[in-house]
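> sequence? don't have it. structure:
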């Protein structure tokens, strides 16, 4: 009996959390999204069935772990289990937003490390590789024993900011933890760097105590990884205006926009908030102060390189040092 060698197939499937992004990824790859049935039983349990064979295929599952966060996480895990049991050759989780990432260490006694828990769940389900966008902290990559391709939206955000033709730009880090990334954005834009000192008396509550750096009569670009309730960026914008800033823009990869984020942003002195479509933003919320950029070309490039066993460019790595 002779064994017949066949080339592997790329198959891209989408969960229900961010179908528009997945369709954009598939379009840039020149493939059709795979056919998968996802529904819920009467008690809320999730049912998944691939409606075409994935045997021997390199399967890419595009999912954003976002609201409803527990359901979208379970959906990804169940899709992974279904693909594994259907004899997929490899399973790559393309996680545009990694939920539970903010709890990446114990800040107080008796707290969990949910970022590690999610990594363990994905590993147990059968994920062979992860492609992620702007993790809350780079060390989350180390929570996996599998390869993690950590992409960044910084070049996309920088290109958009440059297109605005702004003068006297200063990139502002919202806290000391984001200084390294903000410095890279400042270098891309040829701008100066300033830092805000932020305290959190409780979850989703931010207090900006002072600004380090010269922002007087400057256009400030506040750069962060996520915008959740909008408290940090709106309070930061007020602090910058009080310090003499001429205008304030906000650039972030992940726009979660939990209530009352939209109302806070509209009532704030922020000129524009720029995010990407790693999480879905309702159409009716765009066009005012909120601008959404697509990361589909970046994700599709990474998927193509992973599938072809080519390098995922170090330029996409936010921790790469030139």
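Yep, it's here. Everything numeric here is computed off the predicted structure, so don't read it as measured data.
> where along the stretch 1-150 of the chain do the strands fall?
Secondary structure of the stretch 1-150 of the chain (DSSP state E, counting those that start in this stretch): strands at 9-14, 36-40, 46-50, 57-63, 90-95, 129-133, 148-151.
> gap between the fifth one and the chain center?
Offset of strand 90-95 from its chain centre (C-alpha atoms, centre = their mean, to the nearest Å): 15 Å.
> before we move on, what about the shortest one?
Centroid separation between strand 148-151 and its chain, computed with C-alpha atoms, centre = their mean, is 11 Å.
> so what strands line up beside it?
Paired with strand 148-151 in the same sheet, following DSSP bridges, are strand 129-133 (parallel).
> I'd like to check the angle between the partner strand and strand 57-63, please.
30 degrees (axes from the mean of the first three to the mean of the last three C-alpha atoms, to 10 degrees).
> show residues contacting strand 129-133.
Applying C-beta atoms under 8 Å, 6 or more residues apart in numbering, the contact partners of strand 129-133 are 60, 90-98, 122, 140, 144, 146-153, 253-254, 276, 278, 295, 298-299, 302-303, 306. Using the backbone N, CA and C atoms, a C-beta is placed for each residue, glycine as well.
> state the distance from residue 241 to residue 165.
22 Å (C-beta to C-beta, to the nearest Å).
> more crowded one of the two?
residue 241 (17 against 6; other C-beta atoms under 10 Å).
> thinking the more buried one is in contact with residue 235, fair?
No: using C-beta atoms under 8 Å as the test, residue 241 is too far from residue 235 to be in contact (11.0 Å).
> what subset of the contacts of strand 129-133 is buried?
Buried subset of the contacts of strand 129-133 (neighbour count, 16 or more other C-beta atoms under 10 Å): 60, 90-98, 122, 140, 144, 148-153, 253-254, 276, 278, 295, 298-299, 302-303, 306.
> who are the neighbours in contact with residue 118?
If you count contacts by C-beta under 8 Å, 6+ apart, residue 118 has them with 65, 73, 98-101.
> residue 261: what's it in contact with?
Going by C-beta under 8 Å, 6+ apart, the list of residues near residue 261 reads 227-230.
> in helices, which of those residues fall?
With DSSP state H as the criterion, helices contain none of the contacts of residue 261.
> looking at those residues, which is nearest residue 106?
For the contacts of residue 261, the closest approach to residue 106 (C-beta to C-beta) belongs to residue 228, at 20.7 Å.
> low-confidence regions, this structure specifically.
Across the chain, residues meeting the criterion (pLDDT under 70) sit at 1-7, 198-209, 313-322.
> give me the domain ranges for it.
Using automatic domain parsing, the domain parsing of the chain gives 9-151+297-316, 154-293.
> and the helices in the stretch 1-150 of the chain, which stretches?
Assigned by DSSP state H, counting those that start in this stretch, the helices in the stretch 1-150 of the chain fall at 19-29, 69-85, 114-125.
> still on that earlier bit, distance to residue 223 for the strands of the stretch 1-150 of the chain - can I get that in JSON lines?
JSON lines is the format used below for the strands of the stretch 1-150 of the chain (distance: least, C-beta to C-beta, whole Å):
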{"stretch": "strand 9-14", "distance to residue 223": "29"}
{"stretch": "strand 36-40", "distance to residue 223": "35"}
{"stretch": "strand 46-50", "distance to residue 223": "36"}
{"stretch": "strand 57-63", "distance to residue 223": "25"}
{"stretch": "strand 90-95", "distance to residue 223": "21"}
{"stretch": "strand 129-133", "distance to residue 223": "15"}
{"stretch": "strand 148-151", "distance to residue 223": "16"}
